[in-house]
Structure formats: structure tokens, C-alpha cells
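# Predicted model and sequence follow; I will ask about them next.
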Amino acid sequence: MIPEFSVVIPTYQRPALLLKCLDALGRQQLPRDQFEIIVVDDGNSPETETAVALFARQIARAGGPLEVRYLGQPERRGPAAARNRGWRAARGRIVAFTDDDCIPEPTWLPAALACFQRGAQVVTGQLRMPLPDNPSHYDRTTAFLETAEFITANCFCRKTALERVGGFEEAFDIAWREDSDLQFKLIQAGIPIGKCPEAIIVHPMRQYPWYAPLRDERKNSYDALLYKRHPDLFRERIPTYRGLVLQYYAAVVSIGSGVIGLLAGNDTVAASGLGIWALLSADLIVRYLPDEHVGWLDVKHAVLTAVATPFLSVYWRLYGAFKYKVLYW
């Protein structure tokens, strides 16, 4: 029997989180012969393979016919390549994408099935990201994913639609903008993208290290790749936060001019440059502080993040522009 759904989950060295996702899929209010699960391990790790095998044995003992497959990637190539391998191996008519750190509600698949029974080709569900009691700036920024137009943590595509557009662009080799690229390819192919708010995925907010915002500045280089591939749709649909980016450039230029002024013995230029940099950095420090219960460690991390972010952001934006040969800043 051909299942209605093939659920594709890319994963990388997070077997404990993956098991929670698999457990939620095992509780779907859909007959188990109507969907299969395909786990694509970008780390090709024994721990992840063992976790998938453990879940499969538990399902078998429960007497369900649910098929669970593990596919190990020969080398790490990113979630786009992992999803491509998953959907190409899928037996289902509809490919459901989610991530290993997500928890699908029990009605996730049944809700989406109703949309496809009405003729849908591609559908996006609702993503919920509950904030912790005292959210950091990074938590609040991450929660913006709830408002994203199209996100691979919760989307469904007929396999024929994926075949038509060629799936994911594997040049996006980290978890950033590969979903927007697929969305734009679907739009350009004239394939309608519907909404199914009843298909709910919960994405628990994990505790991140304080330097996570600095690490994630690397993602800006992939914005340049997306802009090069789809300039019109990028301008139309991707928020650019132009004011904040200008602040980053101004911070880099002002401290640069201040240092040059110091080296040249020009006190006016030095004072102006360093003064502007200090004001811009103070504004960023306030942004990075948590909403309440601010401690000394919070202040320290906010200062370090505010000082380093403009340099990293400008570097990765220029790196992307040069790498992909596109006028993007």
C-alpha cells in the first residue's frame, strides 16, 4: 500500500531530541499504514541510528505497521541535501517536512491531509515557539520564526511538486534560507502554497549559549546567495532590517575612523569616531539585555555581543557578496 505521507526529518547529532520528535509522530491520529518516517542523519552517527532503531522496535511491539527508515549521509552536507535524499526515497504521495527538535501535535498529519484532499499542492502549517519566562534578545529574535511565510520545520509538498522544481538547493549547506529558496522556486513555477493553521508543530525553545547570536552572523552570507538566485522575490518577501544593518556599518566605520584619528594624532577625529561608536554600542547593549532580572553576567555578555556583532555582521555580508559575486550588503 502506498502511504499518503512520507515524513522526512533531517538530523545531526541530537538523538535525544530526535526521539521526542519520533514519539510525537508515533502518536499521530492517522492510521499508521498511511504514513512512513524517514530519518536522514547528516552526521551518520551510531547513536542516532541506535535511537531510530529503538523507536522502530517500540512501534513494532505496539503492533503498528508504521515503517521507520534510517538513512545515513556519507558526509555532512547540510539539511537541504538531507531533505533531498529523504524526499527522493519517499514512497508517499505527500512529503511532510519537520525537524528533529520539533514536536508535531497529534492532529498534524490529519489536518494537512484534509487540505490535500481538497486539491492542495503545497501547504504550510503553524509553528509555535513558546518563550521562556525571562527571554533573551536571542530568544525573542528566534521566536520570529512563528511569523515566517514558509518554513521547512512544518510544511507539506506533493512529491510531484518537489520533482517539478528539483527540491532544495544544496548550496545552502546550513539551516538558513534553504526553505525560502524552495518557496521562491515554487512561486516561480506557479505552484500555489496554501496555509493550514490546524497543522501545528511546537518548537520548544532550547537554552542557547550566550555567543549564539555571534555564531549565527555567518548566516548573513547565505542571504547574498538567496538574493542572487531570486533578487525580485528577495526584495519583496525577505525583511532586511535596513536600519539595524546601517547601524552596524556605522559602528565599524566610526571606530575605524576613531582609531585612525588616534594614530594620526587628530583628537577631533578620534573623539568624534569613538564617541559615535560608543553611542551606537550602548544602544545595542540595551537591545541585548534580557527583559528582567538583569545580572552582572547578562551585562557582560550584552557588552561583548554588542561590540562584536557589527564586525561579524559586516564581514559575513561582504564575504557573501564576494563569494557569490552579487551586489548585496
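Nice, I can see it. Numbers count the residues shown, from 1 in each chain.

# ok so Ile38 is a helix residue?
No - with DSSP: H, G, I helix; E, B strand; the rest coil as the criterion, Ile38 is assigned strand and is not in a helix.

# Would you map out the domains in this structure?
Split into domains by automatic domain parsing, the chain comes to 5-208, 211-329.

# just those: most buried one?
When those are scored by mean count of other CB atoms under 10 Å, the highest mean neighbour count falls to domain 5-208 (a mean of 18). For glycine as for every other residue, the C-beta is placed from the backbone atoms N, C-alpha and C.

# can you list the weak-confidence ranges in the protein?
Applying pLDDT under 70 to the chain picks out residues 329.

# mind listing the strands for the chain?
For the chain, the strands defined by DSSP state E cover 5-11, 35-41, 67-72, 94-97, 103-104, 122-128, 155-158, 193-202.

# what helices or strands is the fourth one leaning on?
Spelled out, that is strand 94-97. strand 5-11, helix 79-88, helix 108-117, strand 155-158, helix 159-165 (3 or more CB pairs under 8 Å, 6 or more residues apart in numbering; DSSP states H and E).

# what's the answer for the longest one, then?
Other elements packing on strand 193-202 under the criterion 3+ CB pairs under 8 Å, 6+ apart are strand 103-104, helix 108-117, strand 122-128, helix 178-188.

# if you set the cut-off to 6 Å instead, what comes out?
For strand 193-202, the elements it packs on are helix 108-117, strand 122-128, judged by 3 or more CB pairs under 6 Å, 6 or more residues apart in numbering; DSSP states H and E.

# and the angle from it to helix 178-188?
160 degrees (axes from the mean of the first three to the mean of the last three CA atoms, to 10 degrees).

# between strand 193-202 and helix 108-117, how many degrees?
Using the same axes, to 10 degrees: strand 193-202 against helix 108-117 is 170 degrees.

# swap in the third one?
If you take the same axes, to 10 degrees, strand 67-72 sits at 100 degrees to helix 108-117.

# Pull up the pairing partners for strand 67-72, direction included.
strand 35-41 (parallel) (DSSP bridges).

# related to what we said a few turns ago, next, format the helices and strands packed on strand 193-202 as CSV and append distance to Ala282.
Shown next, in CSV, are the helices and strands packed on strand 193-202 (distance: least, CB to CB, whole Å):
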stretch, distance to Ala282
helix 108-117, 45
strand 122-128, 34
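
# for the closest residue to Ala270 other than its chain neighbours, what are its contacts?
With CB to CB, 6 or more residues apart in numbering as the criterion, Ala270 has its nearest non-adjacent residue at 3.2 Å, and that residue is Gly261. With contact taken as CB atoms under 6 Å, 6 or more residues apart in numbering, Gly261 is in contact with 269-270, 273.

# Just put those in JSON lines and tack on distance to Gly26.
JSON lines is the format used below for those (distance: CB to CB, whole Å):
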{"residue": "Val269", "distance to Gly26": "66"}
{"residue": "Ala270", "distance to Gly26": "64"}
{"residue": "Gly273", "distance to Gly26": "60"}
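
# Could you tell me which of these are located in helices?
Judged by DSSP state H, helices contain the following of those: 269-270, 273.

# what sits against Asp173?
Going by CB under 6 Å, 6+ apart, Asp173 touches Gly78.

# how close does it get to Asn84?
12 Å (CB to CB, to the nearest Å).

# how far away is the spatially closest residue to Lys325 that is not a sequence neighbour from Val286?
In space, Lys325 comes closest to Lys228 once its chain neighbours are excluded; the distance is 7.6 Å by CB to CB, 6+ apart. Distance of Lys228 to Val286, given as CB to CB: 35 Å.

# ok, back up a step: between the helices and strands packed on strand 94-97, which gets nearest to Pro239?
Smallest distance to Pro239 across those (CB to CB): 19.5 Å, for strand 155-158.

# about what we covered before: just curious, which of the ones in helices among the contacts of Gly261 is nearest to Phe35?
Looking across the ones in helices among the contacts of Gly261 and measuring by CB to CB, the closest to Phe35 is Gly273, at 60.2 Å.

# Next one: Pro79 from Val294, what distance?
Counting by CB to CB, the gap from Pro79 to Val294 is 35 Å.

# ok, back up a step: would you format the helices and strands packed on strand 94-97 as a markdown table with distance to Leu30 included?
Output for the helices and strands packed on strand 94-97, formatted as a markdown table (distance: least, CB to CB, whole Å):
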| stretch | distance to Leu30 |
| --- | --- |
| strand 5-11 | 8 |
| helix 79-88 | 19 |
| helix 108-117 | 5 |
| strand 155-158 | 13 |
| helix 159-165 | 18 |
